[in-house]
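>>> Got a predicted model here, sequence first, then my questions.
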Amino acid sequence: MKTDVLLIPMSARYAEMRAAALAIEEAGFDGLWTWDHLRDPDAGSGPGVPEAWTVLAALAEVTRRISLGPLVLNVANRHPGLLANMAATLQAVSGGRLLLGLGAGGSRRTPYAAEQEGLGLTVERDEVRARRVAEAIEIMRRLWSGDGTNFTGGSYRLERPSGFLRPEPPPPIIVGGFGPRMAGIAGRYADGFNTQALHPQLGDLVRLARDEHTAAGRDASTFIVTVFAGMDERWLRLDSRARQSLDRVGVDRLILLVPPPFDAGEIRHAGRLLAAGRG
């Protein structure tokens with residue numbers, strides 16, 4: 001199981017994120033992620049939130065080894081045709097290190113809905129937002145394959161698309177969610193699923209996603225399961241019951257969340273704990 005770090009961007013500064021990214025790579029972690037949010041729901045008129053994709057592109061230039069990804073991009077923020085081109089570009093900039101996390105965005109019941117409403121965007125019902133994720137994945141795969149045929153879906157259309165940048169190789173698409181609807185979409189349409197490490201139905205969701213992957217005619221052994229949790233010593237010790245429980249479920253990547261201000265010394269200490277277990 002790989003171990004990654006997610007830099008929580010709320011009230012962070014890019015210079016802090018850059019320094020933390022270098023510490024993460026130096027400490028031996030496998031990947032670096034950040035959230036796709038436009039404002040901090042708890043900060044009112046605070047300093048704001050660095051935009052995820054811009055940050056990842058910059059960090060791709062200052063790192064050399066670690067994987068990079070958004071956890072997860074709200075498909076309502078970017079047309080999937082634009083996102084397909086952005087992903088292809090970042091795949092080239094990073095030398096093939098992109099893990100493309102996608103999601104439906106915050107529902108009307110969450111404080112994150114205010115991001116969309118503040119920009120005059122409608123926050124649709126859960127089932128509409130979920131279908132949009134599946135449709136966005138289909139459009140991106142069409143453009144990446146060079147398919148120039150028309151497409152008409154519930155949310156998007158393509159009119160004889162051609163000449164779009166194609167990634168080499170296409171990045172794996174990992175869909176984030178917390179229930180069976182998104183786990184099913186991840187299995188049917190994507191290459192992986194992300195949810196909480198301590199989700200009470202983790203095993204059931206992973207099994208559902210893998211079953212849907214198989215039913216779609218794809219190899220479930222290549223399906224990527226990622227989970228996230230707060231940075232805690234129990235997740236850094238390879239012999240801990242917490243990590244072993246994730247191993248039994250078949251988790252491929254554990255993503256540990258770190259809030260700002262990012263302490264490079266603490267990140268390096270966490271890396272040493274992890275390395276001690278690896279021997």
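Arrived safely.

>>> Hmm, Pro260 is touching Tyr14, no?
No: contact criterion Cβ atoms under 8 Å: Pro260 and Tyr14 do not qualify, at 11.1 Å. Quick note: C-beta positions are derived from backbone N, CA and C, even for glycine.

>>> Let me see the ranges of the strands in the stretch 101-250 of the chain.
Assigned strands in the stretch 101-250 of the chain, in chain order: 151-152, 157-158, 173-176, 192-196, 224-230 (criterion: DSSP state E, counting those that start in this stretch).

>>> could you pull out the helices for the stretch 101-250 of the chain?
Ranges of helices in the stretch 101-250 of the chain, per DSSP state H, counting those that start in this stretch, are 113-118, 126-145, 180-189, 202-215, 233-236, 241-249.

>>> Redo those as CSV? Include mean pLDDT.
Formatted as CSV, the helices of the stretch 101-250 of the chain follow (pLDDT from 0 to 100):
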stretch, mean pLDDT
helix 113-118, 85
helix 126-145, 97
helix 180-189, 98
helix 202-215, 98
helix 233-236, 96
helix 241-249, 97
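
>>> Can you tell me which of those is nearest to Ala104?
Shortest distance between Ala104 and these, using Cβ to Cβ, is found for helix 126-145: 3.8 Å.

>>> which residues touch Glu159?
Asn150 (Cβ atoms under 8 Å, 6 or more residues apart in numbering).

>>> If you rank every helix and strand of this protein by mean pLDDT, what lands last?
Each helix and strand of the chain was given a mean pLDDT (mean pLDDT, DSSP states H and E); the minimum falls on helix 113-118 at a mean of 85.

>>> Name the residues of it that are buried.
Residues 113, 115-116 are the ones in helix 113-118 that count as buried (16 or more other Cβ atoms under 10 Å).

>>> so which of the strands of the stretch 101-250 of the chain is the most packed in?
Burial of those is given as mean neighbour count (mean count of other Cβ atoms under 10 Å); strand 173-176 ranks first at a mean of 26.

>>> Let me have the strands of the stretch 101-250 of the chain in CSV, adding distance to Leu73 as columns.
Output for those, formatted as CSV (distance: least, Cβ to Cβ, whole Å):
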stretch, distance to Leu73
strand 151-152, 20
strand 157-158, 19
strand 173-176, 9
strand 192-196, 12
strand 224-230, 14
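
>>> Export those to TSV and append columns for mean pLDDT and distance to Ala76.
Converted to TSV, the strands of the stretch 101-250 of the chain look like this (pLDDT from 0 to 100; distance: least, Cβ to Cβ, whole Å):
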stretch	mean pLDDT	distance to Ala76
strand 151-152	94	19
strand 157-158	94	16
strand 173-176	98	14
strand 192-196	98	18
strand 224-230	98	21
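
>>> Got phi/psi on Thr48?
In this structure residue 48 is Gly, not Thr. Note on Gly48: backbone dihedrals following degrees, to the nearest 10 are phi 90, psi -180.

>>> Repeat that for Ala84.
phi -60, psi -40.

>>> Centroid-wise, who is the farthest residue in this structure?
Residue farthest from the centre of the chain, counting by Cα atoms, centre = their mean, is Arg160 at 29.6 Å.

>>> quick one: it and Phe151 touch, right?
No: applying Cβ under 8 Å as the test, Arg160 and Phe151 come out as separate, 9.8 Å apart.

>>> Where does pLDDT dip in the chain?
Applying pLDDT under 70 to the chain flags residues 43-45, 279.

>>> re earlier: Arg97: which of the buried residues of helix 113-118 is nearest?
For the buried residues of helix 113-118, the nearest to Arg97 is Glu115 (27.3 Å; Cβ to Cβ).

>>> Out of the buried residues of helix 113-118, which is nearest to Gln201?
Ala113 (24.2 Å).

>>> How about the closest one: what's its closest non-neighbour residue?
Once flanking residues are discounted, Ala113 sits nearest to Val123: 4.6 Å by Cβ to Cβ, 6 or more residues apart in numbering.

>>> roughly how far apart are the one you found and Gly106?
7 Å (Cβ to Cβ, to the nearest Å).
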